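[1] after the sequence you'll find the predicted model.
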Amino acid sequence: MNHKEATPDISAFLASAIHDMKNSVCVLMSFLNDNITQLDPEAQRTAAPMLYEVERVNDNLLQMLAIYKVGKQFYPFDLSENSVDQFIAEINNKSKTLLDYLQIELDIECEPELQWYFDYELVTGVISHALHNASHYTKDKLKILVKEIDGQLEIRVEDNGNGFPPCVIEAGDAIKKGVDFASGSTGLGLYFSSMVAKLHTNRDKTGSIQLENGGTYGGGCFVLRLP
Amino acid sequence: MYKEAKDTTPLFATKNYLIIDDFQGMRTMMREMLRIFGGKNIDAAANASEAMSLLEKNRYDVVLCDYNLGSGKNGLQILEESKLRNLTGLATSWIIITAEKTSDLVFGAAEFMPDDYIIKPVNEAMMKGRLEKVLAKKDVLINVEKAVRAKHYPLTVALCDKLLAGPQTNTVELLRIKTSTLITMGKYDQAEEVFNQILAKRDIPWARTGLGKVAFYRGDMEGAQRLLNEVIRDNPAYLEAHDWLVQVHEATGNLDEAQNVLARSVELSPTSVIRQKNLGEMAQKRGDLETAATAFRKTIKLGEHSIHKAPSTYLNLAKVCSDKGTPAEALQVLKSVTHEFEGAKIRLHAKVMEGSVYAKSGDHNNALKLSKELAAITSNNNTHLPPELMLEATQLFLATGNKEAASGMAKALVKNNHENSKLLEQVNELYSQAGMQEIGAELVSTSREEVIDSNNRAVIMAKEGQLADAIELLREARTLLPDNKRIMINLANIAVLSMRQNGTNDDLLQVSKECLKRVTEIDPQEKWCAQMQAAIEALVPQGTI
């Protein structure tokens, strides 16, 4: 018998740990939401970042699980037709409390009656993450802009902060050029968003992400394009 | 820019709700949300068995069900069982709440899919939006679902077309229902046209899978294989394409590949009892006894609390254990099957297998004892055994020297399955192994000819216009050979012909329906079934089937 302790297969724990943690995150979020409401506005402003932190925990859990499952060819990628209106309304519903407490104004401009094919959960993950990220760096305004351009669905998340620093923009460009970024230097969120974009294909076209500065408010812009 | 939301409190107030979640915190949270939306009648269950007993007692309009409920059934299995047991009506909206999206949740069998699923975490605004959407969808689709459930195929297609011509909501769902109904009706050209229209705009996995199905039903196995492999190449977790590809490989006799694809589909849906069972049966067929034993053990364990718990899995496991030289486990499994299931039929089946285990393991005394018992029980020919067990019994009788019982059993087997060349071959094989090759060959050919002969006589009578006589002859034949597919097909065909000429009558309608039902059970792939279903529907005015 070999008594050496075998290296545990961490992937076996990953999914079940995330299941468990998601329940905790759920309850934590609901507690924060309910209790922050009862605070006076000043206290609300100080407590609100806690909600942001919980959202970050959730974003990271979701991203790790999705990357793991796509890599293992287990992710049920579901290219279904969705009403873009309803999709954006749900993103708004999800983020409303956080943005209200942070006293950030979210403006939505969405081409009406648009139907598009995408994996609902993955794209929700990308846009929610972009929104959470932008909420941290903006001054007080955010905008979601959705329209169809040249046969692609373009979703932009824009803020009125100071914009992305050059190194982040470079990381975004590197992804576009197909530089290997599995080294981890670019961070989980960007890797995840790019992976999701690339999973979306239509005939010879592939989805993409882009980071830029400017847009409506002259701040940072995250752009997702889906064919 | 959003339409002003109308007050939905009255809508929520009239519904009955059930929350199923093993986590106290989540139950409290969801109950609170429903109250805020206006909900009043809200029940909650902490596990599958609590949920089942509430579902047995009450009718719910909305079920919010966690996917992962710890041990026992998961949320999807509760949904499946309540649908199969008619505990939830068509009007029930079933929403699965889950930490992650899984293949069986998204790509499983359409009739057991939830109305929607929500990925955690859920918040109030989002939950409300989803509930409103699902309730609105239910409203639109309820009549279509009713028609589907009543197997009213032309009506289903007509309703889908009507809704598809209206405002663009639920388009994909309607197209899926429409095409799968067209395929069931055998209208492959029409289904193909719809799939091609969809694919002209965009490459959608379900539409491509649909083309694969059409190719399969037309017998174009090469085309079906190519299409399904394309779907899987682009969507490695697409479960439905795997399920169909298994059937294609099976139909072309490529059992090695069929098992490989099954193994992958089991990986994709680790809690599916049926796929695990199919894997076991495939491995058993191929003689891969270790894989078969593992798969059957898993099937039993997974199915413990499931509606799919079935004695046949235990019997198969016992046979596999016996074949691979572990009779102790085989006997243990047979003991547990009589504990787990009640009834004389199960005891008889277990006894046949037990005798076979003794015979194979060289325990002659016990084999002889069971052979005698079984000969006494089966001598009157009224005992209904599935073909595999008839083979086992024949082998046991031959091994213990009871030639008369063996020949009785073998004849019944051949006559009930006279077109199943593989089974006939197996009977020949058994007799050869017992050193009675010629007797076996003679038995198989005369029994087979007897059935062919009476079938032919009936067909000739029918051609000459003596429909009543033909029906009479086939009815007698069916009483003697209740599982003979050809007899049932001929009987139903001639009964329908007679009703077309002389008007519908309840007796013949009943017989046709019985034959259709039994043939569908014996051979779900039989193309005749769709034609017969359509023929019966054409005879009976809409709405009365």
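    On my side now, so go ahead. It should be emphasised that the depicted structure is a prediction, and the values quoted were computed from it without experimental measurement.
[2] using the three-state scheme, assign the closest residue to chain A within the stretch 401-545 of chain B.
    Of all residues in the stretch 401-545 of chain B, B:Pro524 sits closest to chain A, with a separation of 25.8 Å (C-beta to the nearest C-beta). The way it works is simple: take the backbone N, C-alpha and C, and place the C-beta from them, glycine included. The assignment at B:Pro524 comes out as coil when based on DSSP: H, G, I helix; E, B strand; the rest coil.
[3] I'd like to know how far it sits from B:Gln247.
    The spacing between B:Pro524 and B:Gln247, counted by C-beta to C-beta, to the nearest Å, is 10 Å.
[4] hang on, the earlier thing: give me the neighbour count for the residue of the stretch 401-545 of chain B closest to chain A.
    The burial count assigned to B:Pro524 is 9, neighbours taken as other C-beta atoms under 10 Å in any protein chain shown.
[5] give the burial count for B:Lys138, as a bare number.
    Around B:Lys138 there are 17 residues (other C-beta under 10 Å).
[6] from B:Trp206, how far out is it?
    As defined by C-beta to C-beta, B:Lys138 lies at a distance of 21 Å from B:Trp206.
[7] report the central residue of chain A.
    A centroid search over chain A (C-alpha atoms, centre = their mean) returns A:His129, at 2.3 Å, as the residue closest to the centre.
[8] tell me the pLDDT at that residue?
    pLDDT, the model's per-residue confidence, is 93 for A:His129.
[9] and it, what are its phi and psi?
    Comment: the main-chain dihedrals of A:His129 come out as phi -60, psi -40, following degrees, to the nearest 10.
[10] report the contact partners of it.
    The neighbours of A:His129, taking C-beta atoms under 8 Å, 6 or more residues apart in numbering or on different chains as the test, are A:59, A:63, A:189, A:192-193.
[11] gap between A:Pro104 and chain B?
    If you look again at residue A:104, you'll see it is Ile, not Pro. As defined by C-beta to the nearest C-beta, to the nearest Å, A:Ile104 lies at a distance of 17 Å from chain B.
[12] so where's chain A shaky on pLDDT?
    Within chain A, the stretches with pLDDT under 70 are A:1-6, A:12, A:177-186.
[13] so where do the helices sit in it?
    If DSSP state H is used as the criterion, the helices of chain A fall at A:10-38, A:41-71, A:84-101, A:120-137, A:166-176, A:188-199.
[14] need the contact list for residue 84.
    Looking at chain A here, since you left the chain open. If a contact means C-beta under 8 Å, 6+ apart, then A:Val84 has A:110-111, A:114-116, A:146, A:153 as its contacts.
[15] should've been chain B
    Here B:Leu84 is in contact with B:Ile307 (C-beta under 8 Å, 6+ apart).
[16] against chain A, how distant is it?
    For B:Leu84, the distance to chain A equals 24 Å [C-beta to the nearest C-beta].
[17] next one: B:Phe112
    16 Å.
[18] that residue reaches B:Leu76, doesn't it?
    Yes: the pair B:Phe112 / B:Leu76 is scored as a contact, 7.2 Å apart, by C-beta atoms under 8 Å.
[19] mind listing what B:Trp528 touches?
    Here B:Trp528 is in contact with B:489, B:519 (C-beta under 8 Å, 6+ apart).
[20] was I right to think A:His19 contacts B:Ile97?
    No: using C-beta under 8 Å, A:His19 makes no contact with B:Ile97, being 11.7 Å away.
[21] okay, these two: which has more neighbours?
    Comparing A:His19 with B:Ile97 by other C-beta under 10 Å, the one with more neighbours is B:Ile97, at 25 against 17.
[22] which helix or strand contains that one?
    Remark: B:Ile97 resides in strand B:93-98, with elements defined by DSSP states H and E.
[23] CA-only coordinates of the helix or strand just after that strand in CSV, if you can.
    As assigned by DSSP H and E, the chain's next helix or strand after strand B:93-98 is helix B:103-106. Output in CSV follows, covering the C-alpha atoms of helix B:103-106 (Å, rounded to 0.1, in the frame of the first residue of the first chain):
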residue,chain,number,x,y,z
SER,B,103,-27.1,19.9,-19.6
ASP,B,104,-30.0,18.0,-18.3
LEU,B,105,-31.7,21.2,-17.3
VAL,B,106,-31.4,22.8,-20.7
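[24] from the chain's centre, how far out does helix B:103-106 sit?
    A distance of 18 Å separates the centroid of the chain from that of helix B:103-106, by C-alpha atoms, centre = their mean, to the nearest Å.
[25] rounded mean pLDDT for that helix, please.
    For helix B:103-106, the mean pLDDT works out to 85.
[26] over to stretch B:265-272?
    Mean per-residue pLDDT for stretch B:265-272: 89.
[27] and it, which residues are buried?
    B:265-266, B:268-269, B:271-272 (16 or more other C-beta atoms under 10 Å in any protein chain shown).
[28] just curious, which of the residues you listed is nearest to chain A?
    Using C-beta to the nearest C-beta, B:Leu268 is the member of these that lies nearest chain A, at 6.8 Å.
[29] which residues touch the closest residue to the closest one other than its chain neighbours?
    Leaving aside its chain neighbours, B:Leu268 sits nearest to B:Ser103 (4.3 Å; criterion: C-beta to C-beta, 6 or more residues apart in numbering or on different chains). Taking C-beta under 8 Å, 6+ apart as the contact definition, B:Ser103 lies against A:74, A:76, B:237-239, B:268-269.
[30] got it, and A:Tyr75?
    A:Tyr75 sits next to A:66, A:69, B:101, B:237 when contact means C-beta under 8 Å, 6+ apart.
[31] count of neighbours near the last one?
    In other words, B:Ala237. Using other C-beta under 10 Å, the number of residues around B:Ala237 comes to 25.
[32] for the first one, same thing?
    Here the number of neighbours of A:Ala66 (other C-beta under 10 Å) works out to 23.
[33] quick one, what contacts A:Tyr68?
    Under the criterion of C-beta under 8 Å, 6+ apart, the contact partners of A:Tyr68 comprise A:11, A:14-15.
[34] out of those residues, who has the most neighbours?
    Taking other C-beta under 10 Å to define a neighbour, the member of the contacts of A:Tyr68 with the most is A:Ala15, carrying 17 neighbours.
[35] that residue against B:Lys101, yeah?
    No: in this structure A:Ala15 lies outside contact range of B:Lys101 using C-beta under 8 Å: 11.8 Å.
[36] what about B:Phe112 and B:Leu76, which has more around it?
    With neighbours defined as other C-beta under 10 Å, B:Phe112 and B:Leu76 compare such that B:Leu76 has more, 24 against 16.
[37] and the angle for the helix or strand hosting that one with strand B:93-98?
    If you go by DSSP H and E, B:Leu76 is part of helix B:75-84. Helix B:75-84 and strand B:93-98 are oriented at 160 degrees to each other (axes from the mean of the first three to the mean of the last three C-alpha atoms, to 10 degrees).
[38] for helix B:75-84, which positions count as buried?
    B:75-83.
[39] and A:Ser208, what are its bridge partners?
    In this structure, A:Ser208 bridges to A:Arg225 when assessed by DSSP bridges.
[40] tally of neighbours for it?
    For A:Ser208, the count of nearby residues is 18 (other C-beta under 10 Å).
[41] I'd say B:Leu491 and B:Leu473 touch.
    No: counting by C-beta under 8 Å, B:Leu491 sits too far from B:Leu473 to count as a contact (9.2 Å).
[42] for chain B, which residues score under the pLDDT cut-off?
    Judged against pLDDT under 70, the low-scoring parts of chain B cover residues B:1-6, B:381-383, B:541-545.
[43] can you show me the strands along it?
    Per DSSP state E, chain B has strands spanning B:16-20, B:41-45, B:62-66, B:93-98, B:116-119. These are given in chain order.
[44] show me how far the shortest one is from its chain's centre.
    In this case it means strand B:116-119. Between the centre of strand B:116-119 and the centre of its chain there are 26 Å (C-alpha atoms, centre = their mean).
[45] how about the nearest residue to A:Leu62, chain neighbours excluded?
    In this structure, A:Leu62 finds its nearest non-sequential neighbour in A:Gly125, 5.1 Å apart by C-beta to C-beta, 6+ apart.
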